[in-house]
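A.B. asks: Quick check, what structure comes out for this input:
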Amino acid sequence: MSNFEELVAKLDLEPERAKLLSASLAIHGHVCGGMPLGFIAGESALLALGVERENNMEKVVVLESGNNHAAGCFADGVQFATGCTFGKGLMSKNPKGKFAFLLIDKKGKKAVRVSIKNEVMKSAFNSPFITEFRKKGIKPSDIPADIAFEMLKKPFFTPVEDLLEISAPFEYSYSEPQATFNLVECEICGQLCAENYARLENGKKVCLDCFTYNK
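C.D. replies: The predicted model follows:
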């Protein structure tokens, strides 16, 4: 059993939820408060929308968090819980610096917005994890295990209604980008690229690295 599995076992979650959370921690890489908040927010968004975790391409998350404000951990939690992964092209950012997101059901043309309540965020940012360690430049993985575990544990022992603001489902039409399964071999460097990223320059099909008009 891995260290992450041992920590999750202490939360006494139902088996499938514990399995997914353990995997989420393993991929995320460290124990903190942001990832579990995002994880619970993602779970709650699925429930509010009445849909299952995404295995294919039918749902999308639009994050309102940006960069460089401790929101990456939150974003990972949302990604892992919803299954709307960056790699599948199902997660994007509309950066506003907020700990919030839209979960969109493309097929059902519905969405919900979920955000962390102000008082929860204030409490998290005033915790020893942030004030005594992260603000002083200490890496999350170097923070004492007992302090990190408290950040992991707290959201799972707090009622969801005390953690989150969850909208009712509302109408949302999502414009699906056209996908391609075609490849183009760059006539300059020889590397393959997706057809929708290829360009025509001086009569040659080229990749973006070799395309000079936009440089």
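A.B. asks: Please, which helix or strand holds Arg113?
C.D. replies: strand 110-116 (DSSP states H and E).
A.B. asks: Using neighbour counts, pick out the buried residues of whatever helix or strand comes next after that strand.
C.D. replies: Following strand 110-116 in sequence order, the next helix or strand is helix 118-125 (DSSP H and E). With burial defined by 16 or more other C-beta atoms under 10 Å, the residues of helix 118-125 counted as buried are 120-121, 124. The C-beta positions use only the backbone N, C-alpha and C, and glycine is treated the same way.
A.B. asks: again with stretch 60-68
C.D. replies: 60-65.
A.B. asks: Give me the contact list for that stretch.
C.D. replies: 42, 71-72, 74-75, 78-79, 82, 84, 90-104, 106, 115, 174 (C-beta atoms under 8 Å, 6 or more residues apart in numbering).
A.B. asks: switch to 6 Å and redo it
C.D. replies: 71, 75, 78, 82, 84, 90-98, 100-104 (C-beta atoms under 6 Å, 6 or more residues apart in numbering).
A.B. asks: Repeat that for stretch 72-82.
C.D. replies: Stretch 72-82 has contacts (C-beta under 6 Å, 6+ apart) with 24, 28, 32, 34-35, 37-39, 41-43, 61, 63, 65, 85, 91, 99, 101.
A.B. asks: mind listing which of those are in helices?
C.D. replies: Among the contacts of stretch 72-82, the ones falling in helices (DSSP state H) are 24, 28, 34-35, 37-39, 41-43.
A.B. asks: is the nearest residue to Asn94 once chain neighbours are set aside in a bridge, and if so with what?
C.D. replies: Distances taken as C-beta to C-beta, 6 or more residues apart in numbering put Val62 closest to Asn94, at 5.3 Å, once the chain neighbours are dropped. Beta-bridge partners for Val62, by DSSP bridges, are Ser92, Leu102.
A.B. asks: ok, now how distant is Val62 from Ala70?
C.D. replies: 19 Å (C-beta to C-beta, to the nearest Å).
A.B. asks: Likewise for Ser22?
C.D. replies: Following C-beta to C-beta, the distance that separates Ser22 from Ala70 is 23 Å.
A.B. asks: Pick out whichever of those two has more residues nearby.
C.D. replies: Neighbours were counted for Ser22 and for Ala70 using other C-beta atoms under 10 Å; Ser22 has more, 20 against 17.
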